[in-house]
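> Below are the sequence and a predicted model for it; my questions follow.
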Amino acid sequence: MQPKAITIRELYARHSQGEDLSALPPVLLEGWIRTNRDSGSIGFISLNDGTCFKNLQVVYNDKLEGHDVVSHLLTGAAISVYGKIVLTPEMKQPFEIHAEKVEVLGDCSADYPLQKKRHTFEYLRDEAYLRPRTNTFAAVFRVRSVLALGIHEFFQGKGFVYVHTPEITGNDAEGAGQVFTLMTPDAEGKLSDTEFFGRRASMTVSGQLHVEAFAMAFRDVYTFGPTFRAEKSNTTRHASEFWMIEPEIAFADLEDDMDLMEECIKFCVRYVMEKCPDEMAFFNERIAPGLFDKLNAVLEKPFRRMEYTEGIQILQDAVKAGHKFENPKIEWGMDLQSEHERYLTEEVVKGPVFLINYPKEIKAFYMRENDDGKTVAACDCLVPGEGEIIGGSQREERYEILEKKMEAIGNKEGLEWYLNLRKWGGCIHSGFGIGFDRLLMYLTGISNIRDTEPYPRTSSQLKY
């Protein structure tokens, strides 16, 4: 009777703890063939079982039962391997398994789309259901899983309460109007946007407004879930469905908010580098050389804080000095483009920077108006290589001022409950949003958001 299957992850863990794996009795492994090369008398299979980034080399010879079948197995086939672990300290891998028996669990036909060659990211996006089987995407999606847990560990460790905010809502939190409206059949079978709820409903663009209410009861809260934007923006940074991390902290101003943002980002960097060393080393070597230097620089010093007005002046001076921007018209009141943000963080600060106190006209209605009457207590966290990865603000806690803002843009109706938070035990409070998929881009060096999401949703793209 064969033993219960052991995983490659467990073998590597036991080896790293100093156990002599060659002293083990024969073991059983189950996994998928990454490569198979046979020279007639001896063959080598690179086996991956999905439990870790590393593969395990399977060695077989022409005396193996079913050798003709095994030697012709193709990339992608699922097999079980029974054999003895042999130490190989002078080889690339510390150990391998010498097969005594190989059983085919699931053959793979010759038209398998992932062959033994380098595939472009564009090609793999069209085969999204298979790309987790490649090295790059196995690494991306394992880091994604680990990072999601890290987010919860960070906030839970600080006593935050996790709130599940609704995915279907009656309001557009940002006031931008870029929402997916829900349609259901009415009594006559015609699609209607009011039949089901009695009013227009849409997919949420943010959980912020709902989680603010919980901050007025639990003090420190966060929501972490999918959000949706009906934005036909075909860029490397935009998607129609993406995940957002949105903390809200009561009795906290903008300075407190930025302190939490910086702590969170540094925690995430340390977390993935500690928990996913093999995957991160792969990104540093194969995807984004210099990634470790970039991430370590984030950890080494405090994030700089710079006024928006100062940033505009620096950009204007750069244009005068001859720097070429694709958007060279720099003026106070504009919303900075990614190239402007990257110039500030890469060329001027040479590290992460909080750009603070933006013109109120380009920011959301809920942000606290400053005493100058022109700016709001908002910030964007800019990082080298990416530009903005976090946006946050102190929220407007003054009832009368917020009411006037909402009346001016016409979104008071239906959001009276949100306004009431300001008169029923309201207090100063702040919060921010981190695009989880963009954060993953930054941490891995992956340059397109479509490659950090398992099944990306973008304009005109809904294959899966």
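Perfect, I can see it now.

> Verify the contact between residue 268 and residue 152 for me.
No - the pair residue 268 / residue 152 is not scored as a contact, 11.6 Å apart, by Cβ atoms under 8 Å. Bear in mind the C-beta positions are built from the backbone N, C-alpha and C, glycine included.

> And those two? Which one has more around it.
Set residue 268 next to residue 152 and count neighbours by other Cβ atoms under 10 Å: residue 268 wins out with 22 against 14.

> Can you name the residues that contact the closest residue to that one other than its chain neighbours?
With Cβ to Cβ, 6 or more residues apart in numbering as the criterion, residue 268 has its nearest non-adjacent residue at 5.9 Å, and that residue is residue 150. Neighbouring residues of residue 150 by Cβ atoms under 8 Å, 6 or more residues apart in numbering: 267-268, 271-272, 275.

> Give me the subset of these lying in helices.
267-268, 271-272, 275 (DSSP state H).

> can you pick the most crowded of the residues you listed?
For the ones in helices among the contacts of residue 150, neighbours tallied by other Cβ under 10 Å; top is residue 272, 24 neighbours.

> Pull the contacting residues for it.
143, 146-147, 150, 280, 443.

> Likewise for residue 428?
250-253, 368, 394-395, 397.

> so which of those residues comes closest to residue 96?
Checking these against residue 96 with Cβ to Cβ, the nearest one is residue 252 at 54.9 Å.

> And for the closest residue in space to that closest one that isn't next to it in sequence, the neighbour number?
Of all residues not flanking residue 252 in the chain, residue 430 sits nearest, at 4.8 Å (Cβ to Cβ, 6+ apart). By the measure other Cβ under 10 Å, the count of residues near residue 430 is 29.

> Name the strands paired with the helix or strand where residue 430 lies and say parallel or antiparallel.
Assigned by DSSP states H and E, residue 430 belongs to strand 429-435. Strand pairing for strand 429-435, using DSSP bridges, gives strand 241-250 (antiparallel), strand 387-394 (antiparallel).

> Wasn't residue 30 part of a helix?
No - Residue 30 is assigned strand when assessed by DSSP: H, G, I helix; E, B strand; the rest coil, not a helix.

> Tabulate the strands paired with strand 429-435 (TSV), appending mean neighbour count.
Output for the strands paired with strand 429-435, formatted as TSV (neighbours: other Cβ atoms under 10 Å):
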stretch	mean neighbour count
strand 241-250	23
strand 387-394	22
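
> which of the ones you listed has the lowest average pLDDT?
Among these, strand 387-394 has the lowest mean pLDDT, at a mean of 94.

> Please compute how far that strand lies from its chain's middle.
15 Å (Cα atoms, centre = their mean, to the nearest Å).

> Assess the claim that residue 165 and residue 205 are in contact.
No - at 11.4 Å, residue 165 does not count as touching residue 205 under the criterion of Cβ under 8 Å.

> Fine, thanks again, bye for now.
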